[in-house]
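Peer 1: A predicted structure for the sequence below; I have some questions about it.
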Number of protein chains: 6
Amino acid sequence: MSDKGYRYFKVTVPEPWIAHVEINRPNHLNAIFQDVWREMRTVFEDLSTDPSVRAIVLSGSGEKAFSVGIDLKWASKEGSPFIPAPNEDFDPARRATTLRRWGVEFQECITSIEKCEKPVICAMHGYALGMTADICSAADMRICSKDTVFCVKEVDLGIASDIGILSRLPKVVGSYTWVKDVAMTGRNFNADEALRVGFVSSVFPTKKDAVEEAFRVARNLSEKSPVAVQTVKHFLDYSRDRTVAEGLQYQIAYNTSAIQTRDVPIAISSMMSKRKPTFEKL
Amino acid sequence: MSDKGYRYFKVTVPEPWIAHVEINRPNHLNAIFQDVWREMRTVFEDLSTDPSVRAIVLSGSGEKAFSVGIDLKWASKEGSPFIPAPNEDFDPARRATTLRRWGVEFQECITSIEKCEKPVICAMHGYALGMTADICSAADMRICSKDTVFCVKEVDLGIASDIGILSRLPKVVGSYTWVKDVAMTGRNFNADEALRVGFVSSVFPTKKDAVEEAFRVARNLSEKSPVAVQTVKHFLDYSRDRTVAEGLQYQIAYNTSAIQTRDVPIAISSMMSKRKPTFEKL
Amino acid sequence: MSDKGYRYFKVTVPEPWIAHVEINRPNHLNAIFQDVWREMRTVFEDLSTDPSVRAIVLSGSGEKAFSVGIDLKWASKEGSPFIPAPNEDFDPARRATTLRRWGVEFQECITSIEKCEKPVICAMHGYALGMTADICSAADMRICSKDTVFCVKEVDLGIASDIGILSRLPKVVGSYTWVKDVAMTGRNFNADEALRVGFVSSVFPTKKDAVEEAFRVARNLSEKSPVAVQTVKHFLDYSRDRTVAEGLQYQIAYNTSAIQTRDVPIAISSMMSKRKPTFEKL
Amino acid sequence: MSDKGYRYFKVTVPEPWIAHVEINRPNHLNAIFQDVWREMRTVFEDLSTDPSVRAIVLSGSGEKAFSVGIDLKWASKEGSPFIPAPNEDFDPARRATTLRRWGVEFQECITSIEKCEKPVICAMHGYALGMTADICSAADMRICSKDTVFCVKEVDLGIASDIGILSRLPKVVGSYTWVKDVAMTGRNFNADEALRVGFVSSVFPTKKDAVEEAFRVARNLSEKSPVAVQTVKHFLDYSRDRTVAEGLQYQIAYNTSAIQTRDVPIAISSMMSKRKPTFEKL
Amino acid sequence: MSDKGYRYFKVTVPEPWIAHVEINRPNHLNAIFQDVWREMRTVFEDLSTDPSVRAIVLSGSGEKAFSVGIDLKWASKEGSPFIPAPNEDFDPARRATTLRRWGVEFQECITSIEKCEKPVICAMHGYALGMTADICSAADMRICSKDTVFCVKEVDLGIASDIGILSRLPKVVGSYTWVKDVAMTGRNFNADEALRVGFVSSVFPTKKDAVEEAFRVARNLSEKSPVAVQTVKHFLDYSRDRTVAEGLQYQIAYNTSAIQTRDVPIAISSMMSKRKPTFEKL
Amino acid sequence: MSDKGYRYFKVTVPEPWIAHVEINRPNHLNAIFQDVWREMRTVFEDLSTDPSVRAIVLSGSGEKAFSVGIDLKWASKEGSPFIPAPNEDFDPARRATTLRRWGVEFQECITSIEKCEKPVICAMHGYALGMTADICSAADMRICSKDTVFCVKEVDLGIASDIGILSRLPKVVGSYTWVKDVAMTGRNFNADEALRVGFVSSVFPTKKDAVEEAFRVARNLSEKSPVAVQTVKHFLDYSRDRTVAEGLQYQIAYNTSAIQTRDVPIAISSMMSKRKPTFEKL
């Protein structure tokens, strides 16, 4: 188990194959600002190609919050992207270019979780507010503790989020009236409601239980062929967005190399002999 | 509170910012025919750009029905789109052109609810049959009273609906086997089933309760930045239909002007000071 | 009632308009290999254009299993698509061509259920494992008995399925975290969980009850206009994959001939007179 | 031959089946402003469904210009969409809403030419500048006289056109480097260059010759089955924008009614007997 | 050189790797009807996977015509798809189903040329009329002799073609005004015009010269890596229809196996040593 | 005029607003390998957001070649992506992952030219072979000297290019038969042919003339509103790939901020006063 030395994230490998990524500003309830999301991208890009990692657990440090979302103090300073300096003489089109470059980078930081080749299991607890939803909806699986409080808060900042949640939420849960309700009202919803609509897969009594479950799932994944697990992640994300016919055509193209892997005969013979298979790094 | 003088709809503004649109043919159980859906388009186009309106509640007049759907007497007359005159000498391709022009207009009337810039909360009760589903699935949020009876009835007229429900239903609820079940069998389903599959967000004891809840949500929305609320509606509808990447790219383009709004600093400072914000008209 | 003489499927017409397709290898728990899926395509292509059939029930022979999925003994032989002969001298690109041709055919066999013009109701029981999910998710409706055990197993063979489930599952149920969970872990889930997430529409005490319910629904569909029912199936599948605007435009184009059917006046007059309609073959 | 009484357009039917639409502000070199493009939409919507019209010729009144594009005097007034009033206190997001509503209407006016069910042949001469290109690229065929001078001028107003040319030009001609050249530099190009890159189909000595040729083509089209001609227009525009597979699927859906027309046996028997066919109105 | 024994096509392999497909009804000017297009599909499906074939030349038997298109005598018989029997009692929707099944099969027969894994070079001469354009636009390269006369004739049968040309022509040549011109007027165009707009790549004095050139190109292709040539064909067709980003993503997925071919080191070393490479069959 | 200190590129600003990027390995005929394309990305990303640059000229150092394409010596070394080490024990799926990461990076390096916010004018001369085509087709405009020799060479390495040309070429020129011809045969074509098919916009006697013309165009662009020029580039690339309707919707969203620029009134008043406008940096 080694800490990889980031500033706002604690990244450890507490057991073989499994990385634990913790948002690590507990004294600020894991509030997020530009330096944090930039580092988040670095973390997930590093893990994406690290052959010693096969599954990632994402959680928040401290007992009170997974994250309260954007750091409001930082956001409300003059000169931040949200609050232009009062006497600044600006041209709306030139400011638009600044905002666009900023927004594209911000989107890429969050999408780095979806693009990460390894599966990411998000274990939430306590406050999971605002842009937390943008982040978590980019993860592969979401579980939480009973005390988790969620919301899609950007609307209360006068903003329609453009960093992920409004693109992903209609594809992450099944009830579109519920999606519009929480995204327009910004109201809180709790773990039970999150489970009922399918935003999380399961709810556990405490943060500890939720994180342990995330590790249990991660362990399960890490014992399988990494070729198969990582390809499943990619196929689902590709196909979610496209026609069935487009999804099927792409999968064939991709699988013509993936299915040639030696992991297949290893997996089949281990299944028939009921012995645990061992797979090479990827 | 003023009535705006439509014929088949009662449109009032019972409190600031909130328009109440009632289908107003209670003696015909709010049955719908061509003049009705054409007026419905006028209503929602008017409200879409009315700066004194920030949220819309859609319900049905009378105690028995939100609407029983298409007016069967009208539909079964010779010369209607469904029943050509018996001795008419027609060419199938020329009749197709007539039907196409008719159908495109009909679609536009229903889509006017989705295109309406303001959020539309639909409160249903009693009978909510047939093309009611086409109309309500174009609204943003759906709630209902306990006694509501729903169905997707067109199949029993020998028709596959082409005015909305078969395009929107797979995107409005999560269970595709349920979608096929109700759309192919035309069977009734009740409020509890509608809630379970996510077609409605919540169920209330009476029509009165459902409409009051719709007003409560509408009031909540009307106190927020109208820039933010209306942009959220648009982003969700745009993104529901496209890849995550396309959704994100469009949102950035759109937000480069929306996010320059003065509503953002107003919202942030009100949030930090815990005072209620006031936003300009839109 | 006549048997149509296939080898791995029992295809009967136990009552007018309804075909019963049974996977018929009960001694192998209805395990599937290349000859089986090829014959499955023939079965559904035949039924698709058979004017005496209006609805299809798909189930598995025997008490133990709908199907255990791929026949592992067949798959694990040297020379199968999964296990190349050990000393074979192959070029990865040429093997890719072989795998691609194989995969495209396999996909077409499963998609034949979706493309079948007649609605297909799948009644599952007992084991419903592995590529069963690929097959069933291509059917229109899914119901099951209480004892059914499901899984998406390919990942445990070292493979990301490219024959349907990873394209269709995100569109068949509403919770994406659940989709990733079952598709990545390959874990079993039972009838109650399948119902809760919307993978099946309803659960029945026994296989017999589930099949009877499937026939009840099939009978209901077979009494309606076949033009309407078959068009509803096609519209939903077309629109599920596309923007609302694209779906609506296509539906109008298609309906300009479908809506000219004599079934419409027959249906409307029977609805008004409350007599059972009779529709011509299709 | 009757004039239909528009203000900025002269619309006549100089011979059976053929409408002649002339931009009619010769004293302003047919410069265009809001009232003009709104009336243009009315003109093309009227002709689209007029059964006595089968082809439309679009040209400009006077000898000097097809049109010089936008009326710069109108555009440069304070309060126009391009020049906000100097002391106006505006919010960038609210102004964006105004600009969006304005832009959508403007686009619809130009797209009315593409959506017009009847083929539109555009005969250009003299100045054909600026937003003329937006208009003409929405027509079906473009021919011109030798003296025609073209340009895509918006860039010199500090604007990237959003009303059509930048969407249609890459699909209207084959050389993308040429598209970027003329769209970025705003430079003039002449009839020979327009012919070489395929922007126009042919060049004639004088305006009179070009208009006569447009009438010759229109006459040819008007003698054919209007079902066939109008369907060809629609199929090409639909397919230009989509995959070949999508285009083919839509065409089949549409043709199931179009191909049932009596025009087919009329056309075939006239072709075999070498007699001129007569087709019903559409 | 062996004849493969088809009825309406002469298929020979006059030199290693190159198949020559000739439409073989010279006494009927190679006119085409249902049996012919069905056999055409068989021919191209057979060649697609024949490892002894690397390139295909498609031409027409006899001196007068590549093909005059559809066999008008066959098409004008009562009971044909174009001419229903006069007293037949039909329902427009049921006839639509018949036409749709017919049309889909017809499309598949023509698309078999595009789907054929091997490149197809089409050498035209004499009459190349009507549905010839549908067929040739599905080939990879088109060349012709000087005397070739082309047209897109379906419009003169009262039909908008739905079998390929209206989907492919906007993607095959660059001038959209020219596409609309020839597709709407059905007028003839000659070899020079075909070359100028890019419909053919080159023009030769006689049929013999054109076919020889086609063989020269085919020979050139057959000496290259078949993995590379066939992948280029597929990548171009895939990408033509999609965004650049979608094209690039698919190509990577596909190439992860194709690029592992031994043909790459063989090709590179032969290029450096300036010796002719030899590639394995595919 | 300052050199920005890259290794394989010479980047200068010889006159205000215009950057000159020269591939700078003249002793290797500007052959390209991994370090080169990585640096190319850095160059274009730097220029993309450099407010002192408004247009970019891309050319090759030395008299003999724009670039001969990939450095064959580098590519043919064992251990390169093309030639795995001979005794390496590899798994095809794991090698596929390596190739995919490699390919994605390579694509991004080339696409950096298309994504560069500033217009890029490519002036070619001498050899412009192989992956040169991938690079140049990502530029906005292409011109060349008379002696330029082009080819799309990858096929002769046993590879179907996946780094751009096969995605962009069908959208860059109009004749699809020509595209297939040069992409499948790998044959050379000269400046005249490149001009005739529209791959280049114009041809000049010498390299010097071509580069001077590129500067003339760049100078022209740099005198216009940078908001307008850069938006035109983006709109064309966005719309080239999508339906007209999608293009128009996106342009409106984007323009709601761009059109608010002060450059518009500056441009209009300068146009009316015939004085040269001055625009702020972007």
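Peer 2: All right, it came through fine.
Peer 1: wasn't residue A:143 part of a strand?
Peer 2: Yes - counting by DSSP: H, G, I helix; E, B strand; the rest coil, residue A:143 is found in a strand.
Peer 1: mind listing the helices in the stretch 51-200 of chain A by residue range?
Peer 2: A:72-75, A:92-115, A:131-136, A:165-172, A:176-185, A:191-197 (DSSP state H, counting those that start in this stretch).
Peer 1: dump those helices into JSON lines; add mean pLDDT and mean neighbour count as well.
Peer 2: No exception for glycine: its C-beta is placed from N, CA and C like everyone else's. Formatted as JSON lines, those follow (pLDDT from 0 to 100; neighbours: other Cβ atoms under 10 Å in any protein chain shown):
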{"stretch": "helix A:72-75", "mean pLDDT": "89", "mean neighbour count": "17"}
{"stretch": "helix A:92-115", "mean pLDDT": "95", "mean neighbour count": "20"}
{"stretch": "helix A:131-136", "mean pLDDT": "96", "mean neighbour count": "27"}
{"stretch": "helix A:165-172", "mean pLDDT": "97", "mean neighbour count": "26"}
{"stretch": "helix A:176-185", "mean pLDDT": "97", "mean neighbour count": "25"}
{"stretch": "helix A:191-197", "mean pLDDT": "97", "mean neighbour count": "19"}
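Peer 1: quick one, which of the ones you listed gets closest to residue B:268.
Peer 2: Ranking the helices of the stretch 51-200 of chain A by their distance to residue B:268 (criterion: Cβ to Cβ) puts helix A:72-75 first, at 6.5 Å.
Peer 1: got the contact list for the closest one?
Peer 2: Identification of contacts with helix A:72-75 by Cβ atoms under 8 Å, 6 or more residues apart in numbering or on different chains yields A:31, A:33, A:34, A:80, A:81, A:82, A:83, A:157, B:268, B:271, B:272.
Peer 1: among the residues you listed, the buried ones, what's the ChimeraX command?
Peer 2: To isolate the buried members of those in ChimeraX, using 16 or more other Cβ atoms under 10 Å in any protein chain shown:
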select /A:31,33,34,80,82,157 /B:268,271
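Peer 1: tell me which of the contacts of helix A:72-75 is nearest to chain C?
Peer 2: Closest approach to chain C among the contacts of helix A:72-75 (Cβ to the nearest Cβ): residue A:31, at 24.6 Å.
Peer 1: what sits closest to the closest one if chain neighbours are left out?
Peer 2: Distance criterion Cβ to Cβ, 6 or more residues apart in numbering or on different chains; nearest residue to residue A:31, sequence neighbours excluded, is residue A:71 at 3.8 Å.
Peer 1: likewise for residue A:271?
Peer 2: Using Cβ to Cβ, 6+ apart and skipping the chain neighbours, the partner closest in space to residue A:271 is residue C:156 (6.3 Å).
Peer 1: what residues are up against the one you found?
Peer 2: Shown in contact with residue C:156 (Cβ under 8 Å, 6+ apart): A:224, A:228, A:267, A:271, C:186.
Peer 1: okay if I get those residues as CSV plus distance to residue F:208?
Peer 2: Shown next, in CSV, are these (distance: Cβ to Cβ, whole Å):
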residue, distance to residue F:208
A:224, 62
A:228, 58
A:267, 63
A:271, 69
C:186, 66
